[in-house]
Every structure is written in structure tokens, then in C-alpha cells.
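Trainee: Give the three-dimensional model of this entry:
(2 chains)
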There are 2 protein chains.
Amino acid sequence: VPAAPVRFFFDFLSPYAYIAWTQIHPLAERYGRDVDAVPILFDALLGAHGTKGPAEIPAKRLYVFKDVVRTAHVLGLPLTPPPAHPFNPLLALRVASSDLDRSARRRLIDAFYRATWGGGPGVHEPAVVARIADEAGLDGTALVAGARQEEIKARLKAQTDEALALGAFGIPSIVVDGELFWGYDSFGHVERRLAGRDPLGDVDLSQWKDLPASARRRV
Amino acid sequence: VPAAPVRFFFDFLSPYAYIAWTQIHPLAERYGRDVDAVPILFDALLGAHGTKGPAEIPAKRLYVFKDVVRTAHVLGLPLTPPPAHPFNPLLALRVASSDLDRSARRRLIDAFYRATWGGGPGVHEPAVVARIADEAGLDGTALVAGARQEEIKARLKAQTDEALALGAFGIPSIVVDGELFWGYDSFGHVERRLAGRDPLGDVDLSQWKDLPASARRRV
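Mentor: Numbering: from 1, shown residues only, chains lettered A, B, ... in the order given. Purely as a prediction, here's the structure:
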């Protein structure tokens, strides 16, 4: 039985997800794993947890931009902001949730990431989304039309709900055999998990889970 | 002229700050820098930015605990949760803001971190805080009494306001020559900055700062 794919939950809005997307494939391949890319709506995650995204906190927004520029430089990765941010990622997420085989979905996501964080024209215009899919060797017009069907809309929502059920609170979330990791910064831990060396197996977490609070913030 | 100290803004509430505290000294020393430890109130940062802390989002709280257990294991660092979390860190933060020389403040913070994340009794009881300071070779009774004076209360508030003015939105925040970094995950970038190899010097950030939004979340 081949090992289960590594699951990669993402939204095009997040430059960290772009960086992680470029790194998850070589990492998974080193451990004989495929990558299942699962588009989800970051907005819905924030809404479910009642919290703010980095782009909604001005000091954090600027810091995140600097941080991703630094990390992309270290990785030798092209990184240019999209024409606008935040932008509406919904159509691109739905198109990327279409019925596609794994390699076609990967090509399409690569192309959407080039369009958003790799210096391209963004993904907020349906005609541009269709053209990008065409250039990735797919039928962009059919994919954009299909993405407007209820089935695909419901699929994106179901994917987001599944991420929430797995414990996701941020983007990207990486799931290895049911265990969730958050962000490119967690890739060291992801790799130890893939290698069978996750120290968490040896730790009794019950004392952490049941920790009582002795103070609460006034909100 | 000796290089300016690395500034380390922290709250005892954050296990990431504990991990970073144990690592910032050897890092700074490699580049001939001292560390100025600056206690601040995480709650006030959250309040100023209108956002939630990790402990206030159940899925993130559990993930953060797992993540710090993993990272502490990689670093070979003892990590045990305090008796309760969140706890009220105010008295310990004020005591750690007393007039002390750099090495006494470091000993005291080491001791408070052992008390919170190193298996100790926590810092929510004034008598325990005084005893911990005694054991660190200081006059705990005098420090706890001093921490109740308006001057020290105002100092902790001023330190928090300074962190906010420097762009802080999270704990720990590390400031190198005016440039702010967030979290232990940023230490690679902190080190490149200290080594004069921060790629950000070569990047035009104006396109990032002035990026227009084309969508906003409904909140």
C-alpha cells in the first residue's frame, strides 16, 4: 500500500502558501509521498475562529510582506506582489477545485501562483483566469464556466469545512496522516513527521490539553 | 562605539518567547551584541491591534502547544506547561522591569521562565514571585514591593507603548538597530540582519507598502 499523500490546504491570498507550495513537492517526494492540493477559503477560516488575518492588522501586514520577501530571497524564489492585495480569490479557488488529475491541478495552481505572487496579472478577472488555465494546457473557458456551477461552489465550501474539522486556523495547513501543521515555518516539523521522527509521539500531551486558565483577557 | 544591544520584547505568557529567550543570547553574542530584555504586556498588544492571542483560538492553542513541544525537543530544551495558562503575568513583568543591571535582569528572567515553562510553580502568587527573585540572588521582597509603585507600573506601560511604536504585534519581538522581527521562527532573518546580509536592503518595498486592496472581508 503506498503511503497516503501529504495534504496541502491553501488559498491564493497567502504569500506564505505560495512559498510553501514551491517547497512541499520536493519535501513530499523525498519521503515517497504525493501532494494533494486542497483549495480552501482563508476568509472562512478567519470567520469560523472569529479572528483577523495578517493583512487586516496594518503592522502585521507590513511585517509579513518583509518576511516573505526575506524568505523568498533565501530560497531563490521570485516574489512580486499581485496588482492588489487582498484580492478576491474565489474564482481561482473554485477553478482549482475542478475535477482534474493531480498533475493538471498542480500545473494550474503553479500558474495561478505565478499570476498572483510571481509577477503576473492577478486572478480577479474571469477572462484572465481562463487565459491562465489555457496557458497551463487546460480548457480555461470550460473550467471558468464549470466553477460557476453549484457543485464546485459546494466543493470549495466542503474542502474548507474539512480543513476546519482537521483543526486548521491558518494558511497553508499541511496534513500528514491526519496530523496538522501550519505554515512554511513548520516544514522542519513536517519533515520529522514524514521521517517517523516527530517527537510528539513520545510526549504526554494530556497535561497541555487540560491546562486550566487562571486569567482571561478582558475583551 | 560598541554596536547597540539587540532588544528583546517579551511576556512570560508566551512559550515562544521562552524558547526565543534561551536562544537570543548565544545568537547576539556571536555578533558581539548585548541583549536588552524589555518586558511588555501581550494583552495590550492584542488590545491595540484588536485581535486574538493564540490561546484564545482553541484550535490554535492546541497547535501552539504541540509546536513548542516539538521545537523545544529539537533544541534539547526543558518545556513543561505552567500550572495554569493563560495566567496573570503582570507582577512578574513589573518585577522584571525594576532598576537592575543587565546581568541581574537576565538571571531574574531566566528564573521566571523556569517558573513558568520549565516545570516551576508559576508566577501568579506574589510570595512565589518574591521567592523566585530571592533564589536568583536578588531581594525579592523589595522587588515585589517596588513593582507596586506607580513608577514601575508606568514603566511597563511605556515599554509596551514603545514596542507598539516599533511595529510590534506579537511576542516575542526582536529589534535589531530599529528593525523589528517577530518570533523564534524569524531567527534566521535576525541572524542575517546581524551579519549585514539582510536581503531587504536590496529590495524596493514601496510596491508592497502602497499595494491597493481590491477586496475586503465582510466583518
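
Trainee: So which residues make contact with the helix or strand bottoming out on mean pLDDT in chain A?
Mentor: Least confident helix or strand of chain A, by mean pLDDT, DSSP states H and E, is helix A:206-209 with a mean of 78. Defining contact as Cβ atoms under 8 Å, 6 or more residues apart in numbering or on different chains, one finds that helix A:206-209 is touched by B:62, B:65-66, B:69, B:80-81. The C-beta positions use only the backbone N, C-alpha and C, and glycine is treated the same way.

Trainee: That helix: how far from the chain's middle?
Mentor: In terms of Cα atoms, centre = their mean, to the nearest Å, the centre of helix A:206-209 is set 28 Å apart from its chain centre.

Trainee: try stretch A:201-211
Mentor: Taking mean C-alpha positions (Cα atoms, centre = their mean), stretch A:201-211 and its chain are 28 Å apart.

Trainee: Using PDB, write out every CA atom in it.
Mentor: C-alpha atoms of stretch A:201-211 as PDB (Å, rounded to 0.1, in the frame of the first residue of the first chain):
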ATOM      1  CA  GLY A 201       4.800  10.600  19.800                       C
ATOM      2  CA  ASP A 202       6.900  10.400  23.000                       C
ATOM      3  CA  VAL A 203       5.200  13.300  24.800                       C
ATOM      4  CA  ASP A 204       2.200  13.100  27.100                       C
ATOM      5  CA  LEU A 205       0.100  16.000  25.800                       C
ATOM      6  CA  SER A 206      -2.800  15.500  28.300                       C
ATOM      7  CA  GLN A 207      -1.200  18.000  30.700                       C
ATOM      8  CA  TRP A 208      -1.300  20.600  27.900                       C
ATOM      9  CA  LYS A 209      -4.800  19.900  26.600                       C
ATOM     10  CA  ASP A 210      -6.400  20.100  30.100                       C
ATOM     11  CA  LEU A 211      -4.400  23.100  31.300                       C
END
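
Trainee: residue ranges with poor pLDDT in chain A?
Mentor: Residue ranges of chain A with pLDDT under 70: A:202, A:218-219.

Trainee: Mind listing what's buried along the longest helix along chain A?
Mentor: Counting residues, the longest helix found in chain A (DSSP state H) is helix A:58-75. Under the neighbour-count criterion of 16 or more other Cβ atoms under 10 Å in any protein chain shown, helix A:58-75 has A:59-73 buried.

Trainee: That helix close to chain B?
Mentor: Yes. Helix A:58-75 is in contact with chain B by Cβ under 8 Å from any Cβ of the partner chain, via A:59-60, A:62-63, A:65-67, A:69-71, A:73-74.

Trainee: go on, stretch A:12-21?
Mentor: No. Against chain B, stretch A:12-21 shows no contacts by Cβ under 8 Å from any Cβ, the least distance being 8.9 Å.

Trainee: List the contacts of that stretch.
Mentor: A:8, A:10-11, A:37, A:42, A:53, A:55, A:64-65, A:68, A:71-72, A:75, A:77, A:79, A:85-87, A:89, A:92-93, A:109-110, A:112-113, A:116-118, A:123, A:171-172, A:174, A:183-184, A:187.

Trainee: In PyMOL, how would I select just the buried ones from those?
Mentor: Burial among the contacts of stretch A:12-21 is assessed by 16+ other Cβ under 10 Å; the matching PyMOL selection reads:
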select buried, chain A and resi 8+10+11+37+42+53+55+64+65+68+71+72+79+85+86+87+89+92+93+109+112+113+116+117+118+123+171+172+174+183+184+187
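
Trainee: Filter the contacts of stretch A:12-21 down to the ones in strands?
Mentor: Judged by DSSP state E, the contacts of stretch A:12-21 include A:8, A:10, A:37, A:174 as members of strands.

Trainee: separation between residue A:16 and residue A:58?
Mentor: 18 Å (Cβ to Cβ, to the nearest Å).

Trainee: Once you drop chain neighbours, what's closest to the residue positioned nearest the centre of chain A?
Mentor: Of all residues in chain A, the one closest to the mean position by Cα atoms, centre = their mean is residue A:10, 1.6 Å from it. Leaving aside its chain neighbours, residue A:10 sits nearest to residue A:17 (4.1 Å; criterion: Cβ to Cβ, 6 or more residues apart in numbering or on different chains).

Trainee: And the one you found, which helix or strand is it part of?
Mentor: Per DSSP states H and E, residue A:17 falls inside helix A:15-30.

Trainee: and the angle for that helix with helix A:58-75?
Mentor: Put simply, helix A:15-30 runs at 40 degrees to helix A:58-75, going by axes from the mean of the first three to the mean of the last three Cα atoms, to 10 degrees.

Trainee: what about dumping the CA coordinates of helix A:15-30 to CSV?
Mentor: Taking C-alpha atoms only, helix A:15-30 is exported to CSV below (Å, rounded to 0.1, in the frame of the first residue of the first chain):
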residue,chain,number,x,y,z
PRO,A,15,2.2,34.6,0.1
TYR,A,16,3.3,32.0,2.7
ALA,A,17,1.1,29.5,1.0
TYR,A,18,2.9,30.4,-2.3
ILE,A,19,6.3,29.9,-0.7
ALA,A,20,5.2,26.6,0.9
TRP,A,21,3.6,25.4,-2.3
THR,A,22,7.0,25.6,-4.1
GLN,A,23,8.7,23.6,-1.3
ILE,A,24,6.1,21.0,-0.4
HIS,A,25,6.6,18.9,-3.6
PRO,A,26,10.4,18.2,-3.2
LEU,A,27,9.8,17.6,0.5
ALA,A,28,7.0,15.1,0.0
GLU,A,29,8.9,13.4,-2.9
ARG,A,30,11.9,12.8,-0.6
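
Trainee: what separates it from the chain centre, distance-wise?
Mentor: Helix A:15-30 sits 10 Å away from the centroid of its parent chain (Cα atoms, centre = their mean).

Trainee: Buried ones in it, by neighbour count?
Mentor: A:15-22, A:24-25, A:27-28.

Trainee: so which of these comes closest to chain B?
Mentor: Proximity of the buried residues of helix A:15-30 to chain B, judged by Cβ to the nearest Cβ, is greatest for residue A:15, which lies at 10.0 Å.

Trainee: which residue packs closest to residue A:170, ignoring adjacent ones?
Mentor: residue A:182 (4.9 Å).

Trainee: Touching, that neighbour and residue A:166? I think so.
Mentor: No. Using Cβ atoms under 8 Å, residue A:182 is not in contact with residue A:166; the gap is 11.1 Å.

Trainee: Now for these two: what residues contact both?
Mentor: Shared contacts of residue A:182 and residue A:166, defined by Cβ under 8 Å, 6+ apart, are found at residue A:173.

Trainee: got the end-to-end distance for stretch A:116-133?
Mentor: Taking Cα to Cα, to the nearest Å, stretch A:116-133 runs 14 Å from one end to the other.
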